[in-house]
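Peer 1: quick one, fold the following:
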Amino acid sequence: MRAVLVNPEHRTLTVADRPAPRLLRGTDVLLRTMEVGICGTDREICAFEYGAPPTGESEFVLGHEGVAEVVEAGSDVQWAFPGVLVVPTVRRPCPVDRCVACRQDHVDFCSTGAFTERGIVSAHGFMCEMFVEDERYLVPVPAAIREVAVLTEPLSVVAKAMEGYLAVRARLKFDVAVPTGLVLGAGPIGLLAAMTMRGYGIKTHVFSREPKDDPRAALATAVGAQYISAEDVPLERIPETTGRYDFVLEAVGVPQVAFGALPTLAPNGVYVMTGIPARRGAMEADLSGWMRELVLSNQLILGTVSAGRASFEFAIRSLEQFMTLFPEAVQSLLQRVPLEAAPDVLAQGVGIKDVVTFRTPNGGRASREES
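Peer 2: Residues are numbered from 1 along each chain as shown. Reported below is the predicted structural model:
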């Protein structure tokens, strides 16, 4: 079978043949890959800044945003039978007994850091024609979202952020008539966050560096959010221009922007950070001002990463909602490319959300015209 392979030692990225996988356990499921999304983590791996192959191997299959169809099911499989469409989760439990989170299947809250992640750390990924996965790590995909199911994994990050926001807001003993939300960044995570906020009736703004005539700005507007371009309104002027927000979601991975946006958070507000910045030098910060505001205004800053199964299920429900509320907008996020183009697209993106296609969502083969 064909696969996209990363060799950190030799610093190579290739499309090459690998032996086809086979079932080893009764709960294993053999899957035929349909699509795999590309994100910033994949590009960091391909720049050899991150990622590691399985123990004892020199290369690994890239890709963690997969959608696939069941081809063969092991003898103990309960529901993932041939023909079923699924999305695999990414992180696998650490082996440390004292990690209560992993022992109770909440691997996204792993406390040891000894987990593995498919296509990222110590495990092969999904950017190959076929792969095997244990049924417990698969989430079924309804027919209504076949065309956009590849967005499930990135949307699961937003879903976990929304779960955190809702849980924290529940501590308040009063309701806000129309909560307000600010999304920092108009990449795939940011736009999916805007869609999620709009789905919850949150009055939403998206702040990003792209000008107002950029396609990303148009997408934000298409889902009912208001777009703020950094060319028109500097970050520090947002509070005086639009007011402050009950929910701020950061999706840029730039500390200056992430922390520079703290003054946009309203009293009792929740700020969720999802970006992971590259290591940089120290930066100046108004620590006393931040601490004073956080305490006196009952604010919370929350970090979130690597969603678990519940967040994948949340994401699938959200995609069903999106396909009703704004189907054209959510589908227009995707830029599909064939497997052979993967190395070039990993080096330089071509769309808002690039997707390597093995088979189209309706079951056909991908063509170059789709790219």
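Peer 1: now stretch 160-170 - C-alpha only, PDB.
Peer 2: Extracted C-alpha coordinates of stretch 160-170, given in PDB (Å, rounded to 0.1, in the frame of the first residue of the first chain):
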ATOM      1  CA  LYS A 160     -13.400  20.400  24.100                       C
ATOM      2  CA  ALA A 161     -12.900  24.100  24.400                       C
ATOM      3  CA  MET A 162     -16.600  24.600  24.300                       C
ATOM      4  CA  GLU A 163     -17.100  21.900  26.900                       C
ATOM      5  CA  GLY A 164     -14.700  23.800  29.100                       C
ATOM      6  CA  TYR A 165     -16.400  27.100  28.600                       C
ATOM      7  CA  LEU A 166     -19.900  25.700  29.300                       C
ATOM      8  CA  ALA A 167     -18.600  23.900  32.500                       C
ATOM      9  CA  VAL A 168     -17.100  27.100  33.800                       C
ATOM     10  CA  ARG A 169     -20.000  29.300  32.900                       C
ATOM     11  CA  ALA A 170     -22.300  26.900  34.800                       C
END
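Peer 1: list the buried ones in that stretch?
Peer 2: Neighbour-count burial for stretch 160-170 flags 160, 161, 162, 163, 164, 165, 168, 169 (criterion: 16 or more other Cβ atoms under 10 Å). For the C-beta atoms, the positions are set from N, CA and C on the backbone; glycine is no exception.
Peer 1: chain center to that stretch: distance?
Peer 2: Centroid separation for stretch 160-170 versus its chain: 17 Å, with Cα atoms, centre = their mean, to the nearest Å.
Peer 1: helices of the stretch 51-200 of the chain, start to end?
Peer 2: Along the stretch 51-200 of the chain, counting by DSSP state H, counting those that start in this stretch, helices occupy 100-103, 152-169, 188-199.
Peer 1: mind listing residues that contact the shortest one?
Peer 2: Applying Cβ atoms under 8 Å, 6 or more residues apart in numbering, the set of residues contacting helix 100-103 from outside is 93, 94, 96, 97, 107, 108, 109, 110, 111, 112, 115.
Peer 1: closest to the centroid, which residue in the protein?
Peer 2: For the chain, the residue nearest the mean C-alpha position is residue 154 (1.9 Å; Cα atoms, centre = their mean).
Peer 1: I figured that one was touching residue 39, is that so?
Peer 2: Yes: Residue 154 is within contact range of residue 39, at 6.4 Å (criterion: Cβ atoms under 8 Å).
Peer 1: which neighbours do those two have in common?
Peer 2: When contacts are counted by Cβ under 8 Å, 6+ apart, residue 154 and residue 39 are jointly contacted by 65, 188.
Peer 1: what distance do you get for the residue nearest to the centre of the chain to residue 343?
Peer 2: Relative to residue 343, residue 154 is positioned 21 Å away (Cβ to Cβ, to the nearest Å).
Peer 1: doesn't residue 31 fall inside a strand?
Peer 2: Yes: counting by DSSP: H, G, I helix; E, B strand; the rest coil, residue 31 is part of a strand.
Peer 1: now for it: which residues touch it?
Peer 2: The contact partners of residue 31, by Cβ under 8 Å, 6+ apart, come to 68, 69, 70, 71, 86, 88, 130, 131, 132, 133.
Peer 1: so for it, what's the nearest residue that isn't a sequence neighbour?
Peer 2: Of all residues not flanking residue 31 in the chain, residue 68 sits nearest, at 3.8 Å (Cβ to Cβ, 6 or more residues apart in numbering).
Peer 1: tell me the contacts of the one you found?
Peer 2: By Cβ under 8 Å, 6+ apart, the contact set of residue 68 is 31, 32, 33, 34, 85, 86, 87, 88, 126, 131.
Peer 1: looking at these, which is nearest residue 191?
Peer 2: Using Cβ to Cβ, residue 87 comes nearest to residue 191 of the contacts of residue 68, at 19.1 Å.
Peer 1: pLDDT value on the closest one, please?
Peer 2: Confidence at residue 87, expressed as pLDDT, is 98.
Peer 1: once you drop chain neighbours, what's closest to it?
Peer 2: Excluding its sequence neighbours, the residue lying closest to residue 87 (Cβ to Cβ, 6+ apart) is residue 152, at 4.4 Å.
Peer 1: can you list the domains in the chain?
Peer 2: 2-140+333-370, 155-303 (automatic domain parsing).
Peer 1: how far does the longest one sit from the chain's center?
Peer 2: Counting by Cα atoms, centre = their mean, domain 2-140+333-370 is centred 13 Å from the centre of its parent chain.
Peer 1: next: the shortest one.
Peer 2: For domain 155-303, the separation from the chain centroid amounts to 16 Å (computed by Cα atoms, centre = their mean).
Peer 1: may I ask which two of the contacts of helix 100-103 are separated the most?
Peer 2: Longest span within the contacts of helix 100-103, Cβ to Cβ: 97 and 108, 18.7 Å.
Peer 1: related to what we said a few turns ago, model confidence for the residue nearest to the centre of the chain, exactly?
Peer 2: 97.
Peer 1: do residue 307 as well
Peer 2: On the pLDDT scale, residue 307 gets 82.
Peer 1: give me the neighbour count for it.
Peer 2: Residue 307 has 27 neighbouring residues, counting by other Cβ atoms under 10 Å.
Peer 1: from what I see, it and residue 157 are in contact.
Peer 2: Yes: counting by Cβ under 8 Å, residue 307 touches residue 157, with 5.6 Å between them.
Peer 1: for residue 96, which non-adjacent residue is spatially closest?
Peer 2: residue 112 (4.6 Å).
Peer 1: backbone dihedrals for that neighbour, please?
Peer 2: Per-residue torsions, residue 112: phi -110, psi -20 (degrees, to the nearest 10).
Peer 1: so what's it up against?
Peer 2: For residue 112, the contacting residues are 94, 96, 98, 99, 102, by Cβ under 8 Å, 6+ apart.
Peer 1: with residue 53 instead?
Peer 2: 6, 7, 8, 59, 60, 122.
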